[in-house]
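Novice: Please find the sequence and the predicted model below.
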Amino acid sequence: MKQIVVSNNIYYLGTNDRKKSLFENNWPLPNGVAYNSYLINDQKTALIDTLEFGSKEDYLNEISDQLKGRELDYLIVNHMEPDHSSMIGILMKFYPDLKIVSNIKAFKMLEAYFGISPENFIEVKEGEVLDLGYHKLSFHITPWVHWPETMMTFDTTDSVLFSCDAFGSFGTLDGGIFDDEINFERFEDEMRRYYSNIVGKYSNMVQKAFVKLKDIDIKIICPSHGPIWRENPGKAIGLYDKWSKHESEEGVVIAFASMYGNTERMADYAARLIAESGVKNIRVYDVSKTHASFILSDIWRYKSVILGSCAYNAGMHPMMEHLCHELTVINPKDKNYALFGSYSWNGGGLKSLLSFAEKMTWTKIAEPVELMGAPDISKMEGFSLIAKNIL
Ligand code: FEO
């Protein structure tokens, strides 16, 4: 591959994964995902994070080509999730004298995953600096962005932040590696989906990381997924700040589970009334058709959520149960909500949704709508109040 220069003697060594269907075997990858790794070829040499094992056959050759026969002195491990760390074992076989620079929590995982001897470890604590010659790297412990051992590495010389999962995105880098080489519109949805699915649960820890990094003048952000931010790193920071503060846009997500179309007709009726009340951003999703990953992303984006389920074995439909489970896990805050349900004999869908809503700290905008049998308009008057109160 053509050498990709990030800054003085800092090189991009990432790859695109277009084969994997599900990230973490859970989240769909219709646009693939990029794993980013970086090499600093200074007086001392350092690799910053690795790739998912098997994602790039010539990764080790590329490292040695870039080093031109020099040794690899350091591997900086910002995060131990295997999409960034699963090449470490083979890297250690290739460079047995390699020193691994990370924090104590990562070392426990390195021993557990790879049986690496503590002699290979160099522990760093908050703010400590590793001198590579021209580049001086400082380390910033940012737990739970996205695992407990996560840290970020900052090159104080060229003001480059290696942020790992933070500021990352789903989606492959199709030629354009840097933010000024791509149309970001394609990435914004994928970046928010990555945030809401993977990092959003830990939003309070993202805010703590911002506090820790507030005095750092960041000129380039090198995340471990998605584009490198060199033209407008403030854009990535602004989006993460907004999402981690649970700030949302005007709009409504209506997600429904329907076996034979009656609950879907309720969703469509509610959507129509809400459109008539002036809301332009309305997204209606069938939870049995659209993966929760995409619905969660739009719920993170918009202010209001309306959930509806048919009755299913005296509870809510299992696909709605899955969405509700994910919502309790990622816990989007500051939402307005309403519920609806339908049944053929004694119900259960709405009752289960009410139990779910009790677990959330959302604001109810109107009483739920529930009906038996066909969704005649006469049975759905309650949606008028939901539509009226949605703004
Ligand atoms: Fe991209 Fe938490 O791993």
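Specialist: All right, it came through fine. Residues are numbered from 1 along each chain as shown.
Novice: Can you list the strands that the helix or strand containing Ser304 pairs with?
Specialist: Ser304 is part of strand 302-312, with elements assigned from DSSP states H and E. Using DSSP bridges, strand 302-312 pairs in its sheet with strand 249-257 (parallel), strand 315-316 (antiparallel), strand 336-343 (parallel).
Novice: So for Trp362, which of those strands sits nearest?
Specialist: Closest to Trp362 of the strands paired with strand 302-312 is strand 336-343 (CB to CB; 4.4 Å). Just so you know, the C-beta spots here come from the backbone N, C-alpha and C atoms, and that holds for glycine as well.
Novice: could you point out which element follows the helix ranked longest in the chain?
Specialist: Of all segments of type helix in the chain, defined using DSSP state H, the longest is helix 262-276. Per DSSP H and E, helix 262-276 leads on to strand 282-286 as the next helix or strand towards the C-terminus.
Novice: For that following strand, buried residues please.
Specialist: Residues Ile282, Arg283, Val284, Tyr285 are the ones in strand 282-286 that count as buried (16 or more other CB atoms under 10 Å).
Novice: Equivalent analysis for stretch 369-377, please.
Specialist: Buried-residue list, stretch 369-377, by 16+ other CB under 10 Å: Val369, Glu370, Leu371, Pro375.
Novice: again, but for stretch 285-301
Specialist: For stretch 285-301, using 16+ other CB under 10 Å, the buried residues are 285, 287, 290-301.
Novice: near the ligand, which residues of the chain show up?
Specialist: The chain comes close to the ligand at residues His79, Glu81, Asp83, His84, His146, Trp147, Asp165, Ser224, His225, as judged by CB under 6 Å from any ligand atom.
Novice: In the residues you listed, find the pair that's most separated.
Specialist: Pairwise distances across the residues of the chain next to the ligand peak at 14.5 Å for Trp147 and His225 (criterion: CB to CB).
Novice: Those two: who's more crowded?
Specialist: His225 (27 against 16; other CB atoms under 10 Å).
Novice: Report how many residues lie close to whichever residue of the chain sits closest to the ligand.
Specialist: Nearest to the ligand in the chain, going by CB to the nearest ligand atom, is Glu81, at a distance of 3.5 Å. Other residues within reach of Glu81, judged by other CB under 10 Å, total 18.
Novice: can you give me the helices in the stretch 1-150 of the chain?
Specialist: Counting by DSSP state H, counting those that start in this stretch, the stretch 1-150 of the chain has these helices, from start to end: 59-67, 82-85, 88-94, 104-114.
Novice: As JSON lines, these with mean pLDDT, mean neighbour count and distance to Pro28 would be great.
Specialist: What follows is the helices of the stretch 1-150 of the chain, written out as JSON lines (pLDDT from 0 to 100; neighbours: other CB atoms under 10 Å; distance: least, CB to CB, whole Å):
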{"stretch": "helix 59-67", "mean pLDDT": "96", "mean neighbour count": "16", "distance to Pro28": "25"}
{"stretch": "helix 82-85", "mean pLDDT": "97", "mean neighbour count": "21", "distance to Pro28": "15"}
{"stretch": "helix 88-94", "mean pLDDT": "95", "mean neighbour count": "16", "distance to Pro28": "27"}
{"stretch": "helix 104-114", "mean pLDDT": "96", "mean neighbour count": "17", "distance to Pro28": "26"}
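Novice: Go through the ones you listed and name the closest to Lys379.
Specialist: helix 82-85 (48.8 Å).
Novice: To Asp158, which of the strands paired with strand 302-312 lies closest?
Specialist: strand 249-257 (35.0 Å).
Novice: With distance to Tyr269 added, can I get the buried residues of strand 282-286 in JSON lines?
Specialist: As requested, the buried residues of strand 282-286 are exported to JSON lines (distance: CB to CB, whole Å):
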{"residue": "Ile282", "distance to Tyr269": "12"}
{"residue": "Arg283", "distance to Tyr269": "16"}
{"residue": "Val284", "distance to Tyr269": "11"}
{"residue": "Tyr285", "distance to Tyr269": "16"}
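Novice: Now compare those and name the two farthest from each other.
Specialist: Most distant of the buried residues of strand 282-286, by CB to CB, are Ile282 and Tyr285, 10.7 Å apart.
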